[in-house]
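J.: All I have is the shape, not the residue letters:
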């Protein structure tokens with residue numbers, strides 16, 4: 001039974017129900033429909049949960065939503081891109097900075113050797129003027145020194161001093177690693193060799209000796225130590241002069257020198273300091289210096305070019321770092337050595353051991369070693385060809 005209060009009312013079931021109050025304020029009708037700009041601001045500023053507010057008459061504008069989704073997606077992609085770039089750049093910046101307070105310069109020769117004296121002169125000059133890390137020479141004579149240098153962390157805190165033995169041993173098949181497995185830092189010096197003759201040899205001039213050797217390859221005896229670099233230096237002399245010598249091989253350079261002093265050999269290749277000492281004692285005669293300029297220790301001795309042999313060679317020494325060392329670190333370290341090479345006091349000190357300063361930066365040094373390797377390969381080929389032609393049929 002229907003209550004009287006309802007039954008007596010004018011009730012029309014088809015009439016619209018009273019409007020409900022909105023969530024904005026009582027007594028006010030629904031707000032105006034949002035514009036497309038309002039839509040964009042709403043979605044970008046508030047998030048996907050507001051999509052239901054967009055559109056007209058309660059219907060969502062699908063085209064607008066698609067545009068808004070694309071804009072939002074690209075904003076997120078760009079933001080992620082810059083975050084990734086920042087993360088990737090952070091290690092590179094750190095890798096370009098020296099983190100050590102001291103740098104070890106590994107010399108693979110004994111204390112007092114030519115390489116040791118040269119590197120100590122350089123590092124002491126740098127330490128005297130630099131406010132950066134101190135450079136310390138460390139002598140390591142074990143056979144794995146080059147392999148160890150290749151495996152060293154590429155942080156600039158450990159360098160390897162080396163001569164052209166790296167190239168010579170590689171070409172002779174005696175090296176377990178190539179010089180190209182390292183990063184050249186700087187070439188530092190060039191040391192000449194001196195062509196000497198035994199003290200009692202008559203008419204001992206280089207042109208006379210070359211003329212005799214050209215006529216008879218077994219007439220002039222020369223000593224060679226068992227080292228790849230020693231063989232290359234002797235090969236350079238033969239290749240430049242066109243002569244062939246009677247080569248006697250010894251275990252060490254000292255044994256070869258003793259044989260020359262004893263008259264068992266005719267000529268030899270020795271360091272300027274050794275040549276000066278023996279020349280002063282009338283035990284040897286200095287014939288020529290192998291580099292482009294005369295030696296400060298033997299200023300009266302002519303160069304190979306002055307004696308009519310169009311060549312110049314010597315023992316170059318430089319520094320190497322691990323292959324992965326950044327160009328920025330290589331430039332920073334090589335810059336210290338370049339500044340030292342401009343110091344007249346260092347040039348005088350290096351000259352006392354019969355060596356001249358010869359600085360090259362990382363790129364120039366690498367290019368020089370590449371060219372030298374190619375030149376020596378060609379020289380070896382010419383030498384082998386001459387040996388083959390000299391064999392009896």
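T.: Looks like it arrived, so ask away. Because the structure is a prediction, the values reported are computed rather than measured. Numbers count the residues shown, from 1 in each chain.

J.: show me where the stretch 51-200 of the chain has helices.
T.: Listed in chain order, the helices of the stretch 51-200 of the chain (DSSP state H, counting those that start in this stretch) span 62-95, 114-129, 145-151, 165-171.

J.: quick one: which of the ones you listed has the weakest pLDDT on average?
T.: With a mean of 56, helix 62-95 has the lowest mean pLDDT of the helices of the stretch 51-200 of the chain.

J.: how about residue 377, what does it touch?
T.: Contacts for residue 377 (C-beta atoms under 8 Å, 6 or more residues apart in numbering) come out as residue 171. In this view, the C-beta of every residue, glycine as well, is placed from N, C-alpha and C.

J.: Name the helix or strand for it, please.
T.: Element membership of residue 377, judged by DSSP states H and E, is helix 362-390.

J.: repeat for residue 259
T.: Using DSSP H and E, residue 259 sits within helix 253-261.

J.: ok, and for that helix, which residues are buried?
T.: Neighbour counts using 16 or more other C-beta atoms under 10 Å place 253, 256, 257, 259, 260, 261 of helix 253-261 among the buried residues.

J.: Same question for stretch 180-187.
T.: Quick answer for stretch 180-187 (16+ other C-beta under 10 Å): 181, 182, 183, 184, 185, 186, 187.

J.: do stretch 199-219 as well
T.: Buried residues in stretch 199-219, defined by neighbour count with 16+ other C-beta under 10 Å: 199, 201, 204, 206, 209, 210, 213, 217.

J.: Check the gap between the nearest residue to residue 380 once chain neighbours are set aside and residue 108 for me.
T.: Ranked by C-beta to C-beta, 6 or more residues apart in numbering and with sequence neighbours excluded, the top spatial neighbour of residue 380 is residue 171, at 6.6 Å. Per C-beta to C-beta, to the nearest Å, residue 171 is found 18 Å from residue 108.

J.: So which of those two has more stuff around it?
T.: Of the pair residue 171 and residue 108, residue 108 is the one with more neighbours under other C-beta atoms under 10 Å, namely 23 against 16.

J.: can you count the residues close to the nearest residue to that one once chain neighbours are set aside?
T.: In space, and not counting its chain neighbours, residue 108 is closest to residue 145: 4.4 Å by C-beta to C-beta, 6+ apart. The number of residues packed around residue 145, counting by other C-beta under 10 Å, is 17.

J.: before we move on, back to that, show me what the helix holding residue 259 is in contact with.
T.: With contact meaning C-beta under 8 Å, 6+ apart, helix 253-261 is reached by 196, 198, 223-225, 227, 230, 248, 250, 265, 267-268, 270, 274, 278, 283-284.

J.: Same question for stretch 349-367.
T.: Residues contacting stretch 349-367 (C-beta under 8 Å, 6+ apart): 114, 117-118, 121, 183-192, 271-273, 276, 291, 293, 295-298, 316, 318, 327, 330-331, 334, 337-338, 341, 346-347, 368.

J.: Could you identify the buried members of these?
T.: Neighbour counting with 16+ other C-beta under 10 Å marks 114, 117-118, 121, 183-192, 271-273, 276, 291, 295-298, 316, 318, 330, 334, 337, 341, 346-347, 368 as buried within those.

J.: Over to residue 320: give its phi and psi.
T.: phi -130, psi 150 (degrees, to the nearest 10).

J.: That one is in contact with residue 178, isn't it?
T.: No: the pair formed by residue 320 and residue 178 falls short of the contact definition of C-beta atoms under 8 Å, at 11.3 Å.

J.: Looking at those two, which has the bigger crowd around it?
T.: residue 320 (25 against 14).

J.: so who does the more buried one touch?
T.: Applying C-beta under 8 Å, 6+ apart, the residues near residue 320 are 149, 159, 160, 161, 162, 166, 179, 182, 183, 184, 185.

J.: pLDDT score for it?
T.: Looking at residue 320, the pLDDT reads 98.

J.: tell me the domain boundaries of this protein?
T.: Listed domain ranges for the chain are 32-89, 102-182+322-380, 194-313 (source: automatic domain parsing).

J.: and these, which one is worst for confidence?
T.: Across the domains of the chain, domain 32-89 gives the lowest mean pLDDT, at a mean of 51.

J.: tell me which strands and helices the helix or strand hosting residue 287 is in contact with?
T.: Using DSSP H and E, residue 287 sits in strand 284-289. Helices and strands touching strand 284-289, by 3 or more C-beta pairs under 8 Å, 6 or more residues apart in numbering; DSSP states H and E, are strand 194-198, helix 206-215, helix 272-280.
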